[in-house]
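Student: Here is my input; please provide its structure:
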Amino acid sequence: MRLSFASIGLILVAAYKASTAEVPLVYSVENTGASCKAPPLPDPSQLPNVSKLPDPFSWSDGSGRVKTLADWECRRNEIKAEIENYELGKKPNPPQSLKATYSGGTLTVVVNDNGGSLTLTSKITVPSGNGPFPVIIGMNSATGSLGGNLFSGFIQVPFMHDQCAQYSMTGQKNTNAPFYKMYPNLNQAGDYIAWSWGVSRLIDGLEQIKDQIHADMAHIGVTGCSYAGKMALFAGAFDERIALTIPQESGGGGINAWRVSDTIGNVEKIDNTNYSWFMQALKNNFGSNRAGKLPYDHHEAIAMIAPRAVFAMGNPDYEWLGDKSGYTSAMAAYEVWKAMGVEDRFGFNFVGGHMHCSAAGSQNNDVTKFIDKFLRGKDVNTSNMLSSTVSNDYNSWISAWKGYTIDVSATSNNNDNEQSSSQPSSCWATKLGYPCCKDNSKVIFTDADGRWNVENGDWCGVVDSSSCWATKLGYNCCTSNCPIEYYADDDGSWGVENNNWCGIIKSC
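Tutor: Below you'll find the model as predicted:
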C-alpha cells in the first residue's frame, strides 16, 4: 500500500501526540470527577468486614478495576464520596457567588451561597517582582509548621480556619461558626470538610486576583502539622488544583489507616479521635474495632492526591502519632503512584529526634527537594525518597492487590463508571476522535486540523475563546449546549462546569 506524504504526516503527528502525552502534575479544576456516576453507599449495617486494606483500584460496585487514568478520575470520586458519607460529611459544591479583592496586603474572599454569606481574609506575603510566583497555603499560619525560609520567593497564604469552623480540642462543635450558619444542614459534619471547603474558596479567590499578585496557579502547595496536618491532607485530597500536599505528623485521622491503628496500641483511633473534627457517625458505626467495615481506608484518602505530588512526615518519638500505621498506609498508597508510573511524586520521612511539629534536618532536606521540583519547577531527582526509622509488615495488608498497573496512555475503557462531559457544539476535534479542551488558554502544538493541548494525559482540541467574555475575568466560558444559569451579575450570566464557574455565551 502506498501512502501519500500527507498520510505519512498525519501518522507522524498522531504518533507524536501519543508519545508526548504526560500524566498531569496538577489540574485546573477542583474535582475532575464531578460528573462521574456516584458509587453505592450502603447502610453501615450492610457493609462487609474487610480486615485488610481495601483495593484502591477496584470500583465500589465490584464491577472490576480501573484501567486508565481517566477511570481513576471517577474512582477517585468514589473514594471522595465514601469518605464524605461515612466520615466527614459532604463538601459543598462551588458557591453561587464568590468575589475576591486584594488591598493593603490582605486577600478578602466574600462567599454567598445557600442564603448566607461568609468572608475569608488572609494577610498574604507577596515577593517583589513580576513573578509568576508559586503559592503556599499554610494551615493557620503562612507556611504551616515548616520554616518560612523553605518557601522563599513564594506567595505565602495563611488559611485562618476559624473563619470557617472554630477549632476545638474538646470535641464540642460550634454550630454558630460561619460555615455551619451558611450550611445548617451540615451541622453534623466534621470540621475537616468545612476546612477543606475553605481552602478551596481561598484558591478561588487567588484565581480572581492572580494577575494582581503575579500568582502561578499551577504551582500551589498546602502544608500543616498535627491536627493541621490532617487539614492539609484533606485539602489536597479534595482539591485537584493543589500541586503538592505536605501533611506533617498528621497521625490518626490523617495519613494513618484506621484498620492498622486498631492493631498497634495507644494511638489515635476511631474510638478516641476528636468528634468535632469528624462526624459522630464514624464512631457510632465503625468504632469498637469495626474499622474493617469501612469500604475504604486512609491509604485511599492519600491516593486521592494521585497523580499529583505528596510528601508526608512523621515523628516516631510520639507514640500517639502511630507512625507504624502511617508508614503502612503510606506504603499502600505508594502503590497507586507506582501503578501510574510516577513514583517520584510520592515521598515520606518518618524520623525522630525532634520536637512535635519541628521538622528534623533530614525532613527539611527531603521536603525541600519536593518543593523545588513540584512548586518551583526545578529539575530535581525525587525518586525513592521513602525514609523511615519505623517499619511494619505492610505487605500483609496489601498483598491481595499490590503491583497493579494503570494504562496512562489511554483515556477511557468505556466503563459505565465513567461519564463523558458534554462537548461544545463547535468542538472540531470530536470528528478526529479527540475531546475539546476544558482549558482553552494553552496551546502546545498546531497542525492543519487546529490547535492542541494535553489534558488528563490525552490530546484535546483548543476552541477559539476570543468571543468568551469571561476570559478577562479569569474564567472559561461554558462548553455545554444548554448551560444552566446559577448566578447573574453585572458581568453576565454564570454556569458551573467541573466545579468551576463558567461564563454563559448563549442559553436555551
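Student: Residue 341 against residue 23, yeah?
Tutor: Yes: using CB atoms under 8 Å, residue 341 is in contact with residue 23, at 7.0 Å. The way it works is simple: take the backbone N, C-alpha and C, and place the C-beta from them, glycine included.
Student: Mind listing the shared neighbours of those two?
Tutor: residue 408 (CB atoms under 8 Å, 6 or more residues apart in numbering).
Student: quick one, which of the two is more surrounded?
Tutor: For residue 341 versus residue 23, the count of surrounding residues by other CB atoms under 10 Å is larger for residue 23: 19 against 12.
Student: OK, contacts around that one?
Tutor: Going by CB under 8 Å, 6+ apart, residue 23 touches 69, 307, 340-342, 408, 457.
Student: now the helices: where do they sit in the protein?
Tutor: Taking DSSP state H as the criterion, the chain carries its helices at 5-20, 69-83, 178-182, 191-213, 227-238, 258-261, 280-286, 298-303, 323-339, 361-374, 395-398.
Student: Of these, give the one that comes closest to residue 121.
Tutor: helix 191-213 (9.8 Å; CB to CB).
Student: what's the spacing between stretch 130-141 and its chain's center?
Tutor: Computed by CA atoms, centre = their mean, to the nearest Å, the chain-centroid distance of stretch 130-141 equals 17 Å.
Student: in it, what counts as buried?
Tutor: Neighbour counts over stretch 130-141 (16 or more other CB atoms under 10 Å) mark 131-141 as buried.
Student: from the residues you listed, which ones fall inside strands?
Tutor: Using DSSP state E, the subset of these located in strands is 133-139.
Student: that older thread, residue 153: which of the buried residues of stretch 130-141 is nearest?
Tutor: The closest of the buried residues of stretch 130-141 to residue 153 turns out to be residue 133 (CB to CB; 6.5 Å).
Student: and the gap between that closest one and residue 439?
Tutor: Between residue 133 and residue 439 the distance, using CB to CB, to the nearest Å, works out to 20 Å.
Student: same question, residue 169
Tutor: Applying CB to CB, the value for residue 169 to residue 439 is 42 Å.
Student: what's the answer for residue 148, then?
Tutor: The separation that residue 148 has from residue 439, given CB to CB, amounts to 32 Å.
Student: same deal with residue 121?
Tutor: 29 Å.
Student: what's the answer for residue 348, then?
Tutor: Applying CB to CB to residue 348 and residue 439 gives a distance of 31 Å.
Student: Among those two, which residue is more densely surrounded?
Tutor: residue 348 (28 against 16).
Student: burial measure for the residue lying closest to that one once chain neighbours are set aside, as a count.
Tutor: Leaving aside its chain neighbours, residue 348 sits nearest to residue 312 (4.3 Å; criterion: CB to CB, 6 or more residues apart in numbering). Neighbours of residue 312 under the rule other CB under 10 Å: 27.
Student: got the contact list for residue 312?
Tutor: Neighbouring residues of residue 312 by CB under 8 Å, 6+ apart: 246-248, 250, 255, 302, 326, 330, 347-349.
Student: Pull up the gap between the closest residue to residue 197 other than its chain neighbours and residue 80, please.
Tutor: With sequence-adjacent residues excluded and distances taken as CB to CB, 6+ apart, residue 197 is closest to residue 91, at 5.3 Å. Using CB to CB, we find residue 91 at a distance of 8 Å from residue 80.
Student: Can you work out which residues contact both of the two?
Tutor: Residues touching both residue 91 and residue 80 (CB under 8 Å, 6+ apart) are residue 238.
Student: In ChimeraX, select just the buried ones from the contacts of residue 23.
Tutor: For the buried members of the contacts of residue 23, the matching ChimeraX selection, counting by 16+ other CB under 10 Å, is:
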select :69,307,340,342,408,457
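Student: Tabulate the contacts of residue 23 (a markdown table), appending distance to residue 435 and pLDDT.
Tutor: Shown next, in a markdown table, are these (distance: CB to CB, whole Å; pLDDT from 0 to 100):
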| residue | distance to residue 435 | pLDDT |
| --- | --- | --- |
| 69 | 14 | 93 |
| 307 | 19 | 98 |
| 340 | 20 | 97 |
| 341 | 23 | 97 |
| 342 | 22 | 97 |
| 408 | 17 | 90 |
| 457 | 12 | 68 |
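Student: Could you export the contacts of residue 23 as TSV, including distance to residue 296?
Tutor: Listed next are the contacts of residue 23 as TSV, based on distance: CB to CB, whole Å:
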residue	distance to residue 296
69	20
307	19
340	19
341	24
342	22
408	23
457	24
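Student: Nearest to residue 109 among the contacts of residue 23?
Tutor: For the contacts of residue 23, the nearest to residue 109 is residue 307 (28.5 Å; CB to CB).
Student: for stretch 204-219, what is the average pLDDT?
Tutor: What stretch 204-219 shows for mean pLDDT is 98.
Student: dump the residue contacts of residue 470.
Tutor: By CB under 8 Å, 6+ apart, the contact set of residue 470 is 476-477, 491-492, 501-503.
Student: Can you pull out the low-pLDDT segments for the stretch 1-150 of the chain?
Tutor: 1-21 (pLDDT under 70).
Student: The same query, at a cut-off of 90, please.
Tutor: Regions of the stretch 1-150 of the chain meeting the criterion pLDDT under 90 cover residues 1-22.
Student: Kindly report the same for the stretch 301-450 of the chain.
Tutor: Checking the stretch 301-450 of the chain against pLDDT under 90 turns up 409-450.
Student: what about the strands in it?
Tutor: Remark: strands assigned in the stretch 301-450 of the chain by DSSP state E, counting those that start in this stretch are 309-314, 346-350, 386-388, 445-446.
Student: Residue 95 contacts residue 113, correct?
Tutor: Yes: with contact defined as CB under 8 Å, residue 95 counts as touching residue 113 (3.5 Å).
Student: of those two, who's got more company?
Tutor: Taking neighbours as other CB under 10 Å, residue 95 and residue 113 compare with residue 95 leading, 23 against 18.
Student: Neighbouring strands - and their directions - for the strand ranked longest in the chain?
Tutor: Using DSSP E to define each element, the chain has its longest strand at strand 215-225. Strands that pair with strand 215-225, judged by DSSP bridges, come out as strand 133-139 (parallel), strand 244-248 (parallel).
Student: May I see those organised as TSV, with distance to residue 377 added?
Tutor: Shown next, in TSV, are these (distance: least, CB to CB, whole Å):
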stretch	distance to residue 377
strand 133-139	8
strand 244-248	11
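Student: Now do the contacts for the residue nearest to residue 197.
Tutor: The contact partners of residue 91, taken as CB under 8 Å, 6+ apart, are 80, 84, 193, 196-197, 200, 238.
Student: which of the residues you listed tops the neighbour count?
Tutor: Among the contacts of residue 91, the one with the most neighbours (other CB under 10 Å) is residue 197, at 29 neighbours.
Student: Now do the contacts for that one.
Tutor: 91-92, 164, 179.
Student: Now do it against residue 470, distance only.
Tutor: In terms of CB to CB, residue 197 sits 23 Å off from residue 470.
Student: Also residue 233?
Tutor: From residue 233 to residue 470 the distance is 33 Å (CB to CB).
Student: Residue 185 now?
Tutor: The gap separating residue 185 from residue 470 is 30 Å, by CB to CB.
Student: wait, residue 435 sits on residue 461?
Tutor: Yes: counting by CB under 8 Å, residue 435 does reach residue 461; the two are 7.4 Å apart.
Student: quick one, which of the two is more surrounded?
Tutor: Under the criterion of other CB under 10 Å, the comparison of residue 435 against residue 461 puts residue 461 first, with 23 against 19.
Student: Alright, calling it a day.
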